[in-house]
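# Have a look at this prediction, sequence included:
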Amino acid sequence: MIAVENISKIVLTNAGKQIGYVLNVVVDLESKKKTGYYVVDEESESEMFLSLDDCLAYGDDFILVDEETKFDFVLNENPQLLGKRVVSTDCLYLGVIKNLYFKNKTLKKIATEKCEILSKHLLNVGQDFVLVSFKKQKTKKKELSFPRFDSDLSVQIQNEVTLPEKVNLSTKYYIGKTSDMDIFGYNNERIIAKGEVISKEVVEKAKVHNKLNQLFFALNRKN
């Protein structure tokens, strides 16, 4: 299962009430388990945590939850993976995380526009970068692995980006396009409103608030 498939979906209760939309996926980095989603409440402009156990059904555009589901307001976000740049302990730049792949709710690998990396190689997830290490480790028998290259790196280089179009992360790529959703910063500051044209200032503000990945997913590609 790919994590970004549920990004931006509208969350509604079985009584027909709209709660907000999915902003990001939440992963417990110690157990590598997916625990839920961060949901933006459009009325209060605040982020809430939605447990995976409270999701009743998934559709192309919606996620259904029970009317009695309790949402917890997010005070301290867990480090996010999507949208962060990846660097190895050998100082090799491996791209920006675009997809997370799960099996039975367990994170198996991350995918950038450059490569795919097994989750066992995640070392640290910081505010700006994800650090990975490819130092040799004791492997278990029948362990799931991916094709190797240049000795012990469990990284699968892709000839083509798995996204529907080539990703260009320069500022110029965003300018002039419009956003299909509202995006908010750390203090619920609105970075850009739905339908607003993206400027250089908006891109720089998204970088400061670590919301550049959300800006990418919000792009109206029909422009």
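In hand now; what should we look at?
# Residue nearest the middle of this protein, spatially speaking?
Leu82 (2.9 Å; Cα atoms, centre = their mean).
# which regions of the chain sit below the pLDDT cut-off?
Along the chain, segments meeting pLDDT under 70 span 1-4, 42, 44-45, 73-79, 137-170, 221-223.
# how about the helices of it, start to end?
171-174, 200-208, 212-217 (DSSP state H).
# which residue packs closest to Glu220, ignoring adjacent ones?
If you look again at residue 220, you'll see it is Asn, not Glu. Residue nearest to Asn220 in three dimensions, not counting chain neighbours: Thr178, with 4.5 Å by Cβ to Cβ, 6 or more residues apart in numbering. C-beta: built from backbone N, CA, C; applies to glycine.
# Isn't the one you found up against Ser199?
No. Using Cβ atoms under 8 Å, Thr178 is not in contact with Ser199; the gap is 11.1 Å.
# that older thread, can you give me the neighbour number for the residue nearest to Asn220?
Number of residues near Thr178 (other Cβ atoms under 10 Å) recorded here: 17.
# could I get the helices of the chain as a markdown table with distance to Gly16 and mean neighbour count?
What follows is these, written out as a markdown table (distance: least, Cβ to Cβ, whole Å; neighbours: other Cβ atoms under 10 Å):
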| stretch | distance to Gly16 | mean neighbour count |
| --- | --- | --- |
| helix 171-174 | 35 | 14 |
| helix 200-208 | 33 | 15 |
| helix 212-217 | 26 | 21 |
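# Which of the ones you listed sits closest to Phe49?
helix 212-217 (16.5 Å; Cβ to Cβ).
# Just name whatever secondary elements the closest one is in contact with.
Judged by 3 or more Cβ pairs under 8 Å, 6 or more residues apart in numbering; DSSP states H and E, the packing partners of helix 212-217 are strand 18-28, helix 200-208.
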